[in-house]
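J.: Pasting the sequence and the predicted model now:
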Amino acid sequence: GAGVSQSPRYKVAKRGQDVALRCDPISGHVSLFWYQQALGQGPEFLTYFQNEAQLDKSGLPSDRFFAERPEGSVSTLKIQRTQQEDSAVYLCASSPLQSSKGAFFGQGTRLTVV
Amino acid sequence: SQKIEQNSEALNIQEGKTATLTCNYTNYSPAYLQWYRQDPGRGPVFLLLIRENEKEKRKERLKVTFDTTLKQSLFHITASQPADSATYLCALENSGGYQKVTFGTGTKLQVIP
């Protein structure tokens, strides 16, 4: 498809388990963003890539969170030793510009830590 | 501290009326303000962007105003339809090259037939 694709759509993890969330941005998009959205809240910024360079990771809540975009296209958000407070929807967005203006979002991955 | 406020209570309006949603902010000097629509179980969809030097922007039935003195943006949907029912998010971005976007909590709009 032509949009941003995220997988898996849903993920249930036992506390302490590692998870990896994938984002396929729109082809050719320079910017890629990860957000975390708790129920009833707006998306909270996690990290930003410009091509393969991670320019801003100030929103990552702890060192258990790690993101990469090694070839400047597909990105993976990894969460190690998941905790219950990590339960949320993780959204990926891409933009053709070196900014977030008019970014295109994926459907998100709903992570539930039990 | 920086804060973006959107009415957390749902807004219910009758079909055909104009819906007006509010976004207030404090301790920001945003260069850009964006409005997104989010349906349940979906990611946000970009609607409109307005710059700090623009007072008003229109797109079809949508109108956005941006008052940097009041630190407020208003989002209007005219001739509202049940299909407009969704959560609407405002998002601020500061000036100066790349700046991360900060989202409000969103306002849920319900258009009643």
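T.: That came through fine.
J.: What is the helix or strand of chain B with the lowest mean pLDDT packed up against?
T.: Averaged element by element with mean pLDDT, DSSP states H and E, chain B has its least confident helix or strand at strand B:101-103 (a mean of 89). Under the contact definition 3 or more CB pairs under 8 Å, 6 or more residues apart in numbering or on different chains; DSSP states H and E, strand B:101-103 sits against strand A:44-50, strand B:86-94. C-beta coordinates here come from the backbone N, C-alpha and C atoms, glycine included.
J.: residues in chain B within reach of chain A, list them.
T.: B:4, B:8, B:32, B:34, B:41-46, B:49, B:89, B:91, B:93, B:97-106 (CB under 8 Å from any CB of the partner chain).
J.: Give me the buried entries from those residues.
T.: Among these, the ones that count as buried by 16 or more other CB atoms under 10 Å in any protein chain shown are B:4, B:32, B:34, B:43-44, B:46, B:49, B:89, B:91, B:93, B:99-106.
J.: Kindly reformat the helices and strands packed on strand B:101-103 as CSV containing mean pLDDT.
T.: Formatted as CSV, the helices and strands packed on strand B:101-103 follow (pLDDT from 0 to 100):
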stretch, mean pLDDT
strand A:44-50, 94
strand B:86-94, 92
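J.: Mean neighbour count, these: which tops it?
T.: Compared across the helices and strands packed on strand B:101-103, strand B:86-94 shows the largest average neighbour count, a mean of 23 (mean count of other CB atoms under 10 Å in any protein chain shown).
J.: secondary structure class for the residue nearest the centre of chain A?
T.: Centroid-nearest residue in chain A: residue A:34, 3.5 Å away (criterion: CA atoms, centre = their mean). With DSSP: H, G, I helix; E, B strand; the rest coil as the basis, residue A:34 sits in strand.
J.: if you skip the residues just before and after it, what's nearest to it?
T.: Once flanking residues are discounted, residue A:34 sits nearest to residue A:46: 4.2 Å by CB to CB, 6 or more residues apart in numbering or on different chains.
J.: quick one: that neighbour from residue B:10, how far?
T.: 28 Å (CB to CB, to the nearest Å).
J.: Repeat that for residue A:45.
T.: 25 Å.
J.: same question, residue A:91
T.: Counting by CB to CB, the separation of residue A:91 from residue B:10 is 22 Å.
J.: quick one: which of those two has more around it?
T.: residue A:91 (27 against 11; other CB atoms under 10 Å in any protein chain shown).
J.: Report the contact partners of that one.
T.: Residues in contact with residue A:91, defined by CB atoms under 8 Å, 6 or more residues apart in numbering or on different chains, are A:6, A:34, A:35, A:36, A:37, A:43, A:105, A:106, A:108, B:43, B:44.
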